[in-house]
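Chemist: missing the sequence, but the structure's below:
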């Protein structure tokens, strides 16, 4: 018996102008070289307040949040430890490709600019390698640790959240605008 696909509530912070376009034409995957999980449409899982904070930071004066429901099919789910051995193997081949080409690995700069170029390049490489082996990856989910410890020496950070990069926009089943006032 096949199980039902996992459905997720994700929150996407953006500007009012972009949100109107998204709701009419659909999402376009981000393809920046600094997106930490590689190419995809980025969502905060079950975290509308964090999405609003991000939207205010990035898209003022007209920040908005889109709530979407999507399936989590064919996902590299970094909440499940089963993914780490194959990712370690893929990282070895990724690093070897750069060595053979005599190129430096992309540089991370998560502190100052939150540019995750190494992570981005690695996950784009990983999804391509898995696709070449017959396994399409349609999403990547991971914990994103940011902010400050909630008290001295705590391992819990005040802005930590689960983030999902949806690589296949066909996974997105429904989207609607939510008001900032309705969440805060």
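Modeler: Good, I have the coordinates. Treat the numbers as computed from the prediction; the structure is a model and nothing was measured.

Chemist: Now do the buried residues in stretch 147-166.
Modeler: 160, 161, 162, 163, 164, 165, 166 (16 or more other CB atoms under 10 Å). Any C-beta I mention is one placed from the backbone N, CA and C, and that applies to glycine too.

Chemist: partners of the strand or helix carrying the fifth one in the sheet?
Modeler: Residue 164 is located in strand 161-166, with elements delineated by DSSP states H and E. Within its sheet, strand 161-166 is paired with strand 41-45 (antiparallel), strand 139-144 (antiparallel), according to DSSP bridges.

Chemist: in its sheet, what does the lowest-mean-pLDDT helix or strand in the chain sit against?
Modeler: None of the helices or strands of the chain scores lower by mean pLDDT, DSSP states H and E than strand 108-109, at a mean of 82. Strand 108-109 sits in its sheet next to strand 115-116 (antiparallel), going by DSSP bridges.

Chemist: Pull the residues that contact the partner strand.
Modeler: Strand 115-116 is contacted by residues 33, 34, 35, 36, 107, 108, 109, 110 when judged by CB atoms under 8 Å, 6 or more residues apart in numbering.

Chemist: what's the answer for stretch 169-184, then?
Modeler: Against stretch 169-184 from outside (CB under 8 Å, 6+ apart): 7, 11, 19, 22-23, 26-29, 41, 48-49, 52, 55-56, 63-73, 138-139, 166.

Chemist: in that stretch, what counts as buried?
Modeler: Those buried within stretch 169-184 under the rule 16+ other CB under 10 Å are 171, 172, 175, 178, 180.

Chemist: and the third one, how far is that from residue 60?
Modeler: The one in question is residue 175. 22 Å (CB to CB, to the nearest Å).

Chemist: low pLDDT regions in this structure?
Modeler: 1-3, 110-113, 182-184 (pLDDT under 70).

Chemist: let's see it at 90
Modeler: Applying pLDDT under 90 to the chain picks out residues 1-6, 33-34, 60-61, 107-115, 146, 178-184.

Chemist: Buried ones among the contacts of stretch 169-184?
Modeler: Buried among the contacts of stretch 169-184 by 16+ other CB under 10 Å: 11, 19, 22, 27, 41, 48, 52, 55-56, 63-68, 70-72, 138-139, 166.
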